[in-house]
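Trainee: coords please:
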Amino acid sequence: MKHWAVQFLGLWLLATGCAPRPSLSRYSLDHVYNPEAGVALAARRLEGGSYERIYLRITFRDMAEGTPAPALAGRYRAGYQIGAGYDAQGLYGQDTLQLERLQYLGRRTYALTFNVTKPPAAAVLMIKLEDRLTRVPYVFDLPLPTAAPGEPSPRFLVFNRAGSRPLFGAFARPGDTVSLRTLTLTDRPVLLRQYNAEFAPALPPMAATSAVLSGGDVPRAVARYQLQPNSLLVLSAPGLYVLSEDTAKDPGQTLLVAPHKYPDLSRASELIAPLTYMTTRAERSRLLQSKNIKQELDRFWLGITGNKDYARKLIAAYYENVELANAWFTDYREGWKTDRGMVYIIFGKPSQVLRDGVTEEWRYDERGVTPELRFVFEKRAAPLGPPAWSLRRSPDYDKFWYAVVDQWRKGIIRR
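Mentor: The predicted model follows:
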């Protein structure tokens with residue numbers, strides 16, 4: 001595959017006693033944002049004193065529903081390395097992953113839990129799965145930062161009600177019961193703050209930088225609670241929840257409780273707001289004021305395509321991008337409102353994704369009206385919760401943005 005910049009040889013040299021240094025910054029992670037990639041992985045960590053417990057959720061899209069774990073272990077091989085950084089600054093540990101221990105969750109998805117020795121300093125866990133049949137590798141990263149200003153506490157994590165696995169996304173639904181879990185013996189309560197604030201969608205990539213740096217004003221919490229570790233919590237109302245050990249030092253973990261079937265969109269009224277990136281203010285006003293939103297939405301999309309069948313395909317493509325943005329990029333906002341969500345919805349999946357621990361760069365090959373494009377995201381302070389990925393904006397994006405939006409409005413699908 002041409003966008004794998006460097007061949008990852010070291011991981012499979014474990015048996016030789018070699019200690020290769022991983023260099024994640026040179027690997028394209030485009031498969032992470034590709035819904036058609038053969039493997040999808042989500043990872044969370046929980047500190048246990050001298051060790052880190054790693055929770056994986058792995059989806060094998062190319063395998064049959066209900067494939068037994070031994071069969072998966074025969075098809076794939078997997079391992080991990082813990083490096084001192086994304087740019088080959090040393091190796092703290094490595095091992096193979098026992099795919100025979102995978103627990104089936106349904107829908108081609110499995111869970112795997114393992115412990116690693118806590119690294120002495122900030123590090124990154126690099127996980128690799130390789131399809132033995134096709135030789136296609138899939139690399140994933142999980143930062144293991146030490147407790148530092150701007151980073152949420154790694155000593156507690158939000159799990160499902162049974163406490164069997166963590167929430168891999170930063171969202172839940174009203175009425176869900178979740179558990180607050182820790183691996184260390186502590187009676188120190190966790191502070192839960194609840195917010196009802198609505199945050200504005202991302203501005204286009206050519207917007208003035210000064211307009212987006214602050215992330216908005218910090219809203220007031222509508223409620224505050226103290227929770228004991230290993231307790232249950234019923235999420236009775238939509239809103240943003242922030243959990244932290246110490247509000248002065250810990251920005252907290254965010255949990256967005258979104259209505260209905262989030263990250264999917266299930267109601268006609270939910271389909272209007274994400275159109276902000278390709279509609280005019282007058283068009284959105286007409287949609288919002290309509291007595292029959294579904295009818296007005298149908299009229300809008302049919303007006304773009306002039307054909308019912310093609311309108312259905314265009315609707316499916318656009319809102320698939322929105323729902324994937326919700327699933328992947330939710331932070332203190334819905335995923336479609338974030339900078340990465342905005343770029344993904346309009347420009348589609350990137351051709352290459354490069355990370356170095358500080359920035360995430362999306363590269364797009366030449367596509368129709370646009371030449372090769374690059375978008376660089378960096379972590380910046382957010383109004384609530386940990387730092388969020390923010391786009392480096394530039395007026396140079398102006399003509400490319402409007403050209404691609406115009407394609408959508410002409411019925412040309414971008415995925």
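Trainee: rest of the way, CA atoms for contacts and neighbours
Mentor: Fine.
Trainee: Could I have the CA atoms of the longest helix anywhere in the chain written out in CSV?
Mentor: Looking across the chain with DSSP state H, the single longest helix is helix 308-329. Extracted in CSV, the C-alpha atoms of helix 308-329 (Å, rounded to 0.1, in the frame of the first residue of the first chain):
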residue,chain,number,x,y,z
LYS,A,308,-35.2,10.7,-6.0
ASP,A,309,-32.9,7.7,-6.3
TYR,A,310,-29.8,9.8,-6.5
ALA,A,311,-31.1,12.0,-3.7
ARG,A,312,-31.3,9.0,-1.5
LYS,A,313,-27.7,8.1,-2.2
LEU,A,314,-26.5,11.6,-1.6
ILE,A,315,-28.4,11.8,1.7
ALA,A,316,-26.9,8.4,2.8
ALA,A,317,-23.4,9.6,1.9
TYR,A,318,-23.6,12.9,3.7
TYR,A,319,-25.2,11.6,6.9
GLU,A,320,-22.9,8.6,7.0
ASN,A,321,-20.0,11.1,7.2
VAL,A,322,-21.9,13.0,10.0
GLU,A,323,-22.5,9.8,12.0
LEU,A,324,-18.9,8.6,11.6
ALA,A,325,-17.7,12.1,12.8
ASN,A,326,-20.0,11.7,15.9
ALA,A,327,-18.6,8.2,16.6
TRP,A,328,-14.9,9.2,16.2
PHE,A,329,-14.5,12.8,17.1
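Trainee: Can you give me the buried ones in that helix?
Mentor: For helix 308-329, a neighbour-count test (16 or more other Cα atoms under 10 Å) marks 310-311, 314-315, 317-329 as buried.
Trainee: Can you give me every residue that contacts S394?
Mentor: 205-209 (Cα atoms under 8 Å, 6 or more residues apart in numbering).
Trainee: Look at it and report its pLDDT.
Mentor: Note on S394: pLDDT of 95.
Trainee: likewise P149?
Mentor: Looking at P149, its pLDDT reads 67.
Trainee: residue ranges for the helices of the stretch 201-350 of the chain, please.
Mentor: All helices of the stretch 201-350 of the chain, identified by DSSP state H, counting those that start in this stretch, fall at 281-289, 293-305, 308-329, 339-347.
Trainee: can you list the contacts of S394 in a markdown table and add distance to Y92 and neighbour count?
Mentor: Formatted as a markdown table, these follow (distance: Cα to Cα, whole Å; neighbours: other Cα atoms under 10 Å):
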| residue | distance to Y92 | neighbour count |
| --- | --- | --- |
| P205 | 38 | 21 |
| M206 | 41 | 17 |
| A207 | 42 | 16 |
| A208 | 42 | 13 |
| T209 | 39 | 15 |
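Trainee: Which of those sits closest to A273?
Mentor: A273 has its nearest neighbour among the contacts of S394 in P205, at 18.2 Å by Cα to Cα.
Trainee: what about the residue nearest to the closest one when sequence neighbours are not counted, helix or strand, and which?
Mentor: Spatial nearest neighbour of P205, excluding adjacent residues (Cα to Cα, 6 or more residues apart in numbering): R393 at 5.0 Å. Under DSSP states H and E, no helix or strand contains R393.
Trainee: any low-confidence regions in the stretch 201-350 of the chain?
Mentor: In the predicted model of the stretch 201-350 of the chain, residues 209-217 satisfy pLDDT under 70.
Trainee: let's go with 90 and repeat that
Mentor: Scanning the stretch 201-350 of the chain with the threshold set as pLDDT under 90 gives 208-219, 229-230, 236, 246-249, 259-260, 266-267, 269, 304-307, 310.
Trainee: Across the sheet, point out what pairs with L41.
Mentor: Note on L41: beta-bridge partners by DSSP bridges are I58.
Trainee: mind listing what it touches?
Mentor: 32, 56-59, 140.
Trainee: Over to R53?
Mentor: Residues in contact with R53 (Cα under 8 Å, 6+ apart) are 45-47, 113-116.
Trainee: okay, the residues you listed in a markdown table with secondary structure next?
Mentor: Below are those laid out as a markdown table (DSSP: H, G, I helix; E, B strand; the rest coil):
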| residue | secondary structure |
| --- | --- |
| R45 | strand |
| L46 | strand |
| E47 | strand |
| T113 | strand |
| F114 | strand |
| N115 | strand |
| V116 | strand |
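Trainee: what about the strands in the stretch 101-250 of the chain?
Mentor: Remark: strands assigned in the stretch 101-250 of the chain by DSSP state E, counting those that start in this stretch are 103-106, 109-117, 123-131, 137-144, 157-160, 171-172, 177-181, 190-195, 223-227, 231-234, 239-244.
Trainee: most tightly surrounded among these?
Mentor: strand 239-244 (a mean of 24; mean count of other Cα atoms under 10 Å).
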